[in-house]
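Student: Model the structure of this input:
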Amino acid sequence: MSSPSSVAESPITDRRELVEYLSSGARPRADWRIGTEHEKFGFRLDDLRPPTFDGERGIEALLNGLTRFGWQPIQESVDGAPARTIALLKDGASVTLEPAGQLELSGAQLQTIHQTCCEVESHLHEVRSVADEIGLGFLGMGFQPKWARADMPWMPKGRYRIMREYMPKVGSLGLDMMTRTCTVQVNLDVGSEADMVKKFRVSLALQPVATALFADSPFTEGKPNGYLSYRSHIWTDTDPDRTGMLDFVFEDGFGYERYVDYLLDVPMYFSYRDGKYIDLAGKSFRDFMDGKLDTLPGARPTLRDWSDHMTTAFPEVRLKKYLEMRGADGGPWNRLCALPAFWVGLLYDDAALDAAWDLVKDFTMAERHALRDGVPKHALKLPFRGETVRELAQRALAISAAGLQRRACNNRNGADERIFLAPLIEYAEANQTPAERKLELFHGQWGGSVDPVFREFAY
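Tutor: Have a look, this model is predicted:
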C-alpha cells in the first residue's frame with residue numbers, strides 16, 4: 001500500500017483536472033518503463049513469529065539497518081508520538097511497510113526485465129544481510145501460512161489505523177487482506193488513451209491467468225484452506241466498493257473520464273494534511289470537491305488528495321498514471337522476475353498486444369467473472385471453454401514469449417527476456433501450481449506441518 005503522495009498541493013477547481021491528471025501519464029514508446037513491486041513476510045528465526053515494529057529485532061531496526069546501503073529514512077509521527085522510521089527512499093525506489101510489517105520494495109522505473117531482476121536480487125541481498133544480524137528471515141508467499149490474524153502486529157502508520165477501523169464495516173476479510181497477504185505486481189506505461197483502453201481490457205481479462213500461474217497461498221493457520229490462491233479469494237470479501245473486475249472497462253466509450261467517474265464513487269479513507277491523516281472513511285470525494293464534508297467543512301481537495309485517493313481503489317487492474325497488474329501471489333526470487341516478464345511480453349509489443357486481444361476479445365462478462373471467481377480455488381485446472389485455464393495460460397505465455405523475443409533486450413550473455421518466463425512455463429506444462437507443490441510437501445515429507453516452509457522457501 002502506498003505512502004503519502006508527493007504530488008504538489010495544487011487545489012482542484014474542476015473535474016476536468018482529474019481527467020487531465022490521469023491522461024498526463026501517457027508517454028511515447030521510447031519512454032515506457034517497468035516498475036515492479038513485491039511484498040514479503042518477515043519472521044523471527046527462533047519461533048517463526050512475525051516481528052513487531054519495536055525492539056532490537058523489530059521492523060524499524062531492520063529499516064534503520066538498511067540505511068547502511070544508502071537508503072534515506074522517511075519518518076512519520078502518529079498522534080503526536082515521536083517520529084519513527086516507516087519507509088526508505090533511494091534512486092527512484094522505496095522500501096515501505098504493509099500494515100502488519102510485510103516489507104515491500106517498490107522498484108525504480110527500469111527499461112528491461114534484466115534490470116528488474118538485478119534490482120530485486122540486490123534488494124534481497126541487502127535485506128538478508130541486515131536480517132541475519134537480528135535473527136529475522138523473509139518469506140515470499142501469497143498468504144501468511146501459520147499465524148492467525150490476532151498474532152499479526154500493526155505498524156504505527158496513520159493510514160492503516162483508519163483502514164483498520166473501516167474495513168470490518170464493509171467486508172469480513174479486509175483485515176486479513178491488510179495483515180496476512182503479500183503480492184507481486186508490475187506497473188506499466190501507456191502511450192495514449194486508446195493504448196490504455198486496449199491494455200486495460202487485455203490485462204483485466206487475463207488477470208485470472210496470472211492468479212492461477214502464481215497461486216501460492218494454500219495454508220491458513222497451519223492447515224490447508226481449500227484454496228490455491230487464498231490471497232485472491234480474500235479480495236472477494238474485502239470491500240465491494242473498491243475491488244473487482246470493473247465491467248465498465250469493456251463497455252463502448254470507456255476512457256479516462258469513465259475511470260474518473262468510478263474513482264469519484266469509491267468512498268474515501270482519508271486526507272493527509274499538515275503531516276496528519278484526517279479520517280474521512282466512507283465520505284464522498286464528490287462532496288469533498290463541493291466543499292461539503294462535515295469533517296473538513298468548506299475544505300476542497302488538492303491534486304495530492306486525488307493522487308492519494310486513487311491508491312485506495314483495489315481492482316484487479318488499477319489505473320493511475322500507468323496500469324498496475326495486481327493479481328499475483330508473492331513468491332520466490334524467480335517469480336518476482338517472471339511477473340513483469342509475463343506482462344511486458346503481452347503489453348509492450350504491438351503484435352503481442354493484438355494477439356492477446358484476439359485471445360480475450362470475445363470473452364463474455366460471465367466468463368470473465370467465472371475465471372476470476374474460480375481460479376482462487378482451482379487455478380490452472382479450472383474448466384474453461386471445453387479446456388482448462390492451463391491451455392489459456394499456455395497460449396498467453398506463448399504470446400508473451402514472442403513479444404519478449406521481438407523486444408530483443410539481451411543480457412551480457414546474449415539471452416533475451418524470455419528466460420524469466422521459465423518457471424511459469426514449467427508450472428503450465430506440469431499443470432501444477434506452487435501451491436499444489438507445497439500441499440504435496442505438507443501431506444508428505446513435512447508431516448502435516450507448515451513450519452518447514454519458513455526454512456525451505458525463505459529468501
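Student: Now do the end-to-end distance for stretch 85-98.
Tutor: In stretch 85-98, first residue to last residue: 13 Å (C-alpha to C-alpha, to the nearest Å).
Student: which parts of it are buried?
Tutor: Using 16 or more other C-beta atoms under 10 Å as the test for burial, stretch 85-98 gives T85, I86, A87, L88, L89, A93, S94, V95, T96, L97, E98. For every residue, glycine as well, the C-beta is placed using N, CA and C.
Student: For whichever strand or helix holds the fourth one, which strands pair with it and how are they oriented?
Tutor: Assigned by DSSP states H and E, L88 falls within strand 84-90. Using DSSP bridges, strand 84-90 pairs in its sheet with strand 72-76 (antiparallel), strand 93-97 (antiparallel).
Student: now these in TSV, with mean pLDDT and distance to L392?
Tutor: Shown next, in TSV, are the strands paired with strand 84-90 (pLDDT from 0 to 100; distance: least, C-beta to C-beta, whole Å):
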stretch	mean pLDDT	distance to L392
strand 72-76	95	42
strand 93-97	98	34
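Student: Figure out which of those is closest to K283.
Tutor: Nearest of the strands paired with strand 84-90 to K283, taken as C-beta to C-beta: strand 72-76 at 22.3 Å.
Student: Show me how far the closest one is from its chain's centre.
Tutor: 22 Å (C-alpha atoms, centre = their mean, to the nearest Å).
Student: any idea how far E126 is from G70?
Tutor: Using C-beta to C-beta, to the nearest Å, we find G70 at a distance of 10 Å from E126.
Student: who's more crowded, those two?
Tutor: Comparing G70 with E126 by other C-beta atoms under 10 Å, the one with more neighbours is E126, at 18 against 10.
Student: Can you give me the pLDDT of the nearest residue to that one once chain neighbours are set aside?
Tutor: Nearest non-adjacent residue to E126, counting by C-beta to C-beta, 6 or more residues apart in numbering: F69, 4.9 Å away. On pLDDT, F69 comes in at 98.
Student: what comes into contact with the strand holding L88?
Tutor: Here strand 84-90 makes contact (C-beta atoms under 8 Å, 6 or more residues apart in numbering) with 3, 53, 60, 63-64, 66-67, 69-77, 94-97, 155-157.
Student: on that earlier part again, format the strands paired with strand 84-90 as JSON lines; extra columns: distance to Q207.
Tutor: Below are the strands paired with strand 84-90 laid out as JSON lines (distance: least, C-beta to C-beta, whole Å):
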{"stretch": "strand 72-76", "distance to Q207": "31"}
{"stretch": "strand 93-97", "distance to Q207": "23"}
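Student: Quick one: closest of the ones you listed to M167.
Tutor: Within the strands paired with strand 84-90, the stretch nearest M167 is strand 93-97; the backing value is 17.3 Å (C-beta to C-beta).
Student: Mind exporting the C-alpha coordinates of that closest one to PDB?
Tutor: As requested, the backbone C-alpha atoms of strand 93-97 are provided in PDB (Å, rounded to 0.1, in the frame of the first residue of the first chain):
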ATOM      1  CA  ALA A  93      12.900   3.200  -5.400                       C
ATOM      2  CA  SER A  94      11.300   2.800  -2.000                       C
ATOM      3  CA  VAL A  95      11.000   0.300   0.800                       C
ATOM      4  CA  THR A  96       7.700   0.600   2.700                       C
ATOM      5  CA  LEU A  97       5.700  -1.300   5.200                       C
END
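Student: Could you identify the helix or strand that succeeds that strand?
Tutor: Where DSSP H and E defines the elements, the next helix or strand beyond strand 93-97 is strand 103-106.
Student: Spell out which strands sit alongside that next one in the sheet and which way each one runs.
Tutor: Using DSSP bridges, strand 103-106 pairs in its sheet with strand 34-44 (antiparallel), strand 93-97 (antiparallel).
Student: tell me the angle of the following helix or strand past the longest one relative to strand 34-44?
Tutor: Pointing back at strand 34-44 there. Toward the C-terminus, strand 34-44 is succeeded by helix 59-66 as the next helix or strand (DSSP H and E). Following axes from the mean of the first three to the mean of the last three C-alpha atoms, to 10 degrees, one obtains 120 degrees for the angle between helix 59-66 and strand 34-44.
Student: how distant is the strand holding L88 from the center of its chain?
Tutor: Chain-centre distance of strand 84-90: 19 Å, with C-alpha atoms, centre = their mean.
Student: Can you lay out the buried residues of stretch 85-98 as TSV showing distance to L175?
Tutor: Shown next, in TSV, are the buried residues of stretch 85-98 (distance: C-beta to C-beta, whole Å):
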residue	distance to L175
T85	24
I86	20
A87	22
L88	26
L89	28
A93	28
S94	24
V95	23
T96	19
L97	16
E98	12
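Student: Among the residues you listed, find me the one that's closest to Y427.
Tutor: Nearest to Y427 among the buried residues of stretch 85-98: E98, at 25.8 Å, using C-beta to C-beta.
Student: wait, that closest one sits on R180?
Tutor: No: assessed by C-beta atoms under 8 Å, E98 is found out of contact with R180, at 9.8 Å.
Student: what about D151, neighbour count?
Tutor: Neighbours of D151 (other C-beta under 10 Å): 14.
Student: ok, now E387?
Tutor: The burial count assigned to E387 is 12, neighbours taken as other C-beta under 10 Å.
Student: contacting residues for it?
Tutor: So E387 contacts nothing (C-beta under 8 Å, 6+ apart).
Student: Could you tell me which ranges of this structure sit under the pLDDT cut-off?
Tutor: Residues of the chain that meet the criterion pLDDT under 70 lie in 1-8.
Student: and the helix or strand hosting S129, how far out from the chain's middle?
Tutor: Per DSSP H and E, S129 falls inside helix 113-133. Computed by C-alpha atoms, centre = their mean, the separation of helix 113-133 from the middle of its chain amounts to 18 Å.
Student: related to what we said a few turns ago, buried only: go through the contacts of strand 84-90 for me.
Tutor: Neighbour counting by 16+ other C-beta under 10 Å classes 3, 53, 60, 63-64, 66, 71, 73-74, 76, 94-97, 155-157 among the contacts of strand 84-90 as buried.
Student: Quickly find the element holding A194.
Tutor: According to DSSP H and E, A194 maps onto helix 193-213.
Student: Can you mark which positions in that helix are buried?
Tutor: 193, 195-213.
Student: mind listing what the next helix or strand after it pairs with, with the direction of each?
Tutor: On the C-terminal side of helix 193-213, the closest following helix or strand by DSSP H and E is strand 219-220. Looking at strand 219-220 with DSSP bridges, its partner strands are strand 223-224 (antiparallel).
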